[in-house]
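*Asks:* Return atomic coordinates for the entry below.
(one chain, ligands or ions: 2)
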Amino acid sequence: MENKMSFYNTLTRKVEQFIPNEDGKVAMYTCGPTVYHFAHIGNLRSYIMEDVLEKTLRYVGYDVKRVMNITDVGHLSSDADTGEDKMLKGAKREKKTVMEIAKFYTDAFFADCAKLNIKTPDVVEPATNCIAEFIHMIEVLLEKEYAYESGGNIYFDTSKLDDYYVFSSQNEKELLVGVRDDVDEDENKRNKSDFVLWFTKSKFDDQELKWDSPWGVGYPGWHIECSCISMKHLGEYMDIHCGGVDNIFPHHTNEIAQSESYVGHKWCNYWFHVHHLNDKSGKMSKSKGDFLTVSLLLEKGYNPLVYRLFCLQSHYRKPLEFSYEVLDNMVAAYEKLVKRIASLQQDGAIEENKYNEYRAKFEAALCDDLNTSMAVTVLYDMLKADMTDATKFALVKSYDEVLSLNLTTAHGEKEQDNNIDAELESYVLAKIEERKAAKKEKDFAKADAIRNELLEKGIVLEDTREGVKWKKM
Ligand code: AMP
Ligand code: ZN
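*Replies:* Ligands and ions are numbered 1, 2, ... in the order given. Coordinates of the predicted model:
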């Protein structure tokens, strides 16, 4: 098929035409959330833009397989293998087990994604499901002498590579932007840039989840999970790997080091990175404690899709500063837009030429390094252009496959919300009680089935600290 998509490849540092390994097919991987807390809207900026990338690829005709991990073990407070495990930190904070924390925040993550119309990837795999695969990859790396044992841990030896810093010619210090805490020197490392593949010894020996391994009871490092999980589902060749810019170093740099050493050839051709959402005090991060979530936006009365529009209005390669003033402007713009669309006469003839012309314009904007704000401009231009309402409505429906802003259904939602009838309310409350009982019995499959049953009826459940809340989609 014709390859018309271009986007910025962090590996080559330029905007490139996208050509997949296999004609018409895309193998795509996304670093998933570390599930020790709610996702903040900064994390979700990355997932929104990755969702737009995936949907654009599908829109222009590719068959996409997208895989995402869930980090439920091994991500330490500093990305450079030091500090306490983030999951353990979350479990202590909430006096729960690590697996309870993982389950709760994984569900919360997907509930947030659903509110933002972010499609769930085709495959989602928690790291704790794949311990055997991690051990196997580490064994091969040891055999090939890319790894070594020291002080009870297994490290990757970065001096074995000609070019460890594949993403940049910058020195290590400059690259340490992704490392959040002060870096403690680990004397076991042969080289400063070496990283842990498997821990049996750490300063934090109260680690809750541990597994047997040929090197003793322990747990995997963070980076190995993405290499293994992506290969498990996508094979040894990958087209696109995504993440936020803080993942470039050390996480993605380390993923490339170990994956290519393991397979013995180039692994992933295109690296897509989304810039950060900042607040007035800098990068939004979970470790700051007080951060903005989708639930908070909802509590303040914002439709989460207004936040999606806010993200689409700026380019994914530029830092974006969050402010309520801009969000308020977006509310007004969104409401005006959906009202305008609701006023279109849906019945009538579709003008094929116009339809094709404006579909091509929309595609061209997205294929030009995912220029989402230009794509939104095409939408506005199209609504003003000279064509039948039915053509316009059909185009809006088509654009919304990528924009995912509920453009043809959002108008009038508020009025509907006010009319939730008592019968529905008592039905949902009974289901919530049934789900609570199932959870208490640790029957999580039943609890999930109840959530899904409600979802099919358009009811979204939200687990909050104050209890379960629900609303109509
Ligand atoms: P984490 O849950 O911390 O592993 O992060 C999940 C995803 O969010 C990763 O791809 C990060 O690179 C990304 N991310 C973290 N902070 C931000 C931010 N402030 N803005 C945009 N993306 C972010
Ligand atoms: Zn990753």
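
*Asks:* What residues does the stretch 151-300 of the chain have near ligand 2?
*Replies:* On the criterion C-beta under 5 Å from the ion, ligand 2 has as its neighbours in the stretch 151-300 of the chain the residues residue 226. All C-beta atoms are positioned from the backbone trio N, CA, C, and that covers glycine.

*Asks:* Point me to the residue of the stretch 151-300 of the chain nearest ligand 1.
*Replies:* For the stretch 151-300 of the chain, the residue closest to ligand 1 is residue 244, as judged by C-beta to the nearest ligand atom, at 2.2 Å.

*Asks:* Look up how far residue 13 lies from whichever residue of the stretch 101-250 of the chain sits closest to ligand 2.
*Replies:* Of all residues in the stretch 101-250 of the chain, residue 226 sits closest to ligand 2, at 3.2 Å by C-beta to the ion. Summarising the geometry, the distance separating residue 226 from residue 13, computed by C-beta to C-beta, to the nearest Å, is 22 Å.

*Asks:* Give me the more crowded residue out of the two.
*Replies:* With neighbours defined as other C-beta atoms under 10 Å, residue 226 and residue 13 compare such that residue 226 has more, 27 against 11.

*Asks:* Quick check: nearest residue in space to the more buried one, chain neighbours excluded?
*Replies:* Closest residue to residue 226 in three dimensions, ignoring its sequence neighbours and counting by C-beta to C-beta, 6 or more residues apart in numbering: residue 255, at 5.2 Å.

*Asks:* which residues does that neighbour contact?
*Replies:* The neighbourhood of residue 255, defined by C-beta atoms under 8 Å, 6 or more residues apart in numbering, consists of 223, 226, 227, 241.

*Asks:* wait, which of those is closest to residue 214?
*Replies:* residue 227 (18.5 Å; C-beta to C-beta).

*Asks:* still on that earlier bit, which residues are in contact with the residue of the stretch 151-300 of the chain closest to ligand 1?
*Replies:* Shown here is residue 244, whose contacts under the criterion C-beta under 8 Å, 6+ apart are 31, 42, 43, 46, 273, 274, 275, 276.

*Asks:* switch to 6 Å and redo it
*Replies:* Taking C-beta atoms under 6 Å, 6 or more residues apart in numbering, we find residue 244 in contact with 46, 274.

*Asks:* for ligand 1, what are the nearby residues on this protein?
*Replies:* Those residues of the chain that sit near ligand 1, judged by C-beta under 6 Å from any ligand atom, are 31, 33-34, 42-43, 45-46, 71, 243-244, 246-247, 274, 276-277, 283-286.

*Asks:* and if we set it to 8 Å?
*Replies:* 30-35, 39-40, 42-47, 71, 75, 242-247, 273-278, 283-286, 320 (C-beta under 8 Å from any ligand atom).

*Asks:* what's the pLDDT at the residue of the stretch 151-300 of the chain closest to ligand 1?
*Replies:* Among the per-residue scores, residue 244 shows a pLDDT of 97.

*Asks:* Checking residue 273 next. Helix, strand or coil?
*Replies:* Using DSSP: H, G, I helix; E, B strand; the rest coil, the secondary structure recorded for residue 273 is strand.

*Asks:* Hmm, I typed the wrong one, I wanted residue 155.
*Replies:* For residue 155, the secondary structure call by three-state DSSP comes out as strand.

*Asks:* Thought residue 193 was touching it, still the case?
*Replies:* No - with the criterion set as C-beta atoms under 6 Å, residue 155 and residue 193 do not qualify as a contacting pair; they are 10.3 Å apart.

*Asks:* More neighbours: those two, which one.
*Replies:* Neighbours were counted for residue 155 and for residue 193 using other C-beta under 10 Å; residue 155 has more, 24 against 21.

*Asks:* show me the contacts for the more buried one.
*Replies:* Listed by C-beta under 6 Å, 6+ apart, the contact set of residue 155 reads 148, 189, 194, 196.

*Asks:* Using CSV, lay out the residues you listed together with secondary structure, distance to residue 56 and pLDDT.
*Replies:* Supplementary listing: the contacts of residue 155 in CSV, determined by DSSP: H, G, I helix; E, B strand; the rest coil; distance: C-beta to C-beta, whole Å; pLDDT from 0 to 100:
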residue, secondary structure, distance to residue 56, pLDDT
148, strand, 43, 98
189, coil, 41, 92
194, coil, 38, 94
196, strand, 37, 93
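
*Asks:* Can I get these in TSV including neighbour count?
*Replies:* Putting the contacts of residue 155 into TSV (neighbours: other C-beta atoms under 10 Å) gives the following:
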residue	neighbour count
148	18
189	20
194	23
196	27
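
*Asks:* got JSON lines for the residues you listed, with distance to residue 237 too?
*Replies:* Written out in JSON lines, the entries for the contacts of residue 155 read as follows (distance: C-beta to C-beta, whole Å):
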{"residue": "148", "distance to residue 237": "28"}
{"residue": "189", "distance to residue 237": "31"}
{"residue": "194", "distance to residue 237": "27"}
{"residue": "196", "distance to residue 237": "27"}
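
*Asks:* Residue 269: what's it in contact with?
*Replies:* Contacts for residue 269 (C-beta under 6 Å, 6+ apart) come out as residue 239.

*Asks:* So it belongs to a strand, correct?
*Replies:* Yes - Residue 269 forms part of a strand when assessed by three-state DSSP.

*Asks:* if we can go back for a sec, tell me the secondary structure of the residue nearest to residue 226, please.
*Replies:* When the structure is split into helix, strand and coil by three-state DSSP, residue 255 lands in helix.
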